[in-house]
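>>> no sequence on hand, only this structure:
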Ligand SMILES: O=C(CO)COP(=O)(O)O
């Protein structure tokens, strides 16, 4: 299973601490993590293993949306900063729309992401 993680600048620290907190589960459940460029750089600097796409404003959100549309990504954790403006707002909206079009779980804050991970843990227990 592949999960995408994306965080706006004001939320990158929260994303790294979220991933650290859940790394054992993600690793043991064989979940591959793909990230937009700078989010991925922060995660790698914290010692986490992630695949990096382009930075969000350079097309990283669009690359992740394409993988969602192709059925290659099964969940998206997108910690958005609602208090900041983003030059690539159309790409952000497009990624969220594509998740809805393809019924792919999309968590836009850590509280929802926790619940999604709990659901994945239950699903992976059921499969074992
Ligand atoms: O801008 C982003 C999401 O819209 C995130 O991109 P970065 O991880 O490259 O900062």
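Ah, there it is. The structure displayed is predicted, hence computed values, not measured ones.
>>> contacts and neighbour counts: CA atoms only from here.
Fine.
>>> specify the local secondary structure of residue 3.
Under DSSP: H, G, I helix; E, B strand; the rest coil, residue 3 falls in the strand class.
>>> surely it is in contact with residue 76?
Yes: at 5.8 Å, residue 3 counts as touching residue 76 under the criterion of CA atoms under 8 Å.
>>> these two: who's more crowded?
The neighbour count for residue 3 versus residue 76, taken as other CA atoms under 10 Å, is higher for residue 76 (27 against 20).
>>> so what's that one up against?
By CA atoms under 8 Å, 6 or more residues apart in numbering, the contact list for residue 76 reads 3, 4, 5, 6, 99, 104, 105, 106, 107.
>>> so it sits in a helix?
No: counting by three-state DSSP, residue 76 is not part of a helix but strand.
>>> separation between it and the ligand?
The gap separating residue 76 from the ligand is 12 Å, by CA to the nearest ligand atom, to the nearest Å.
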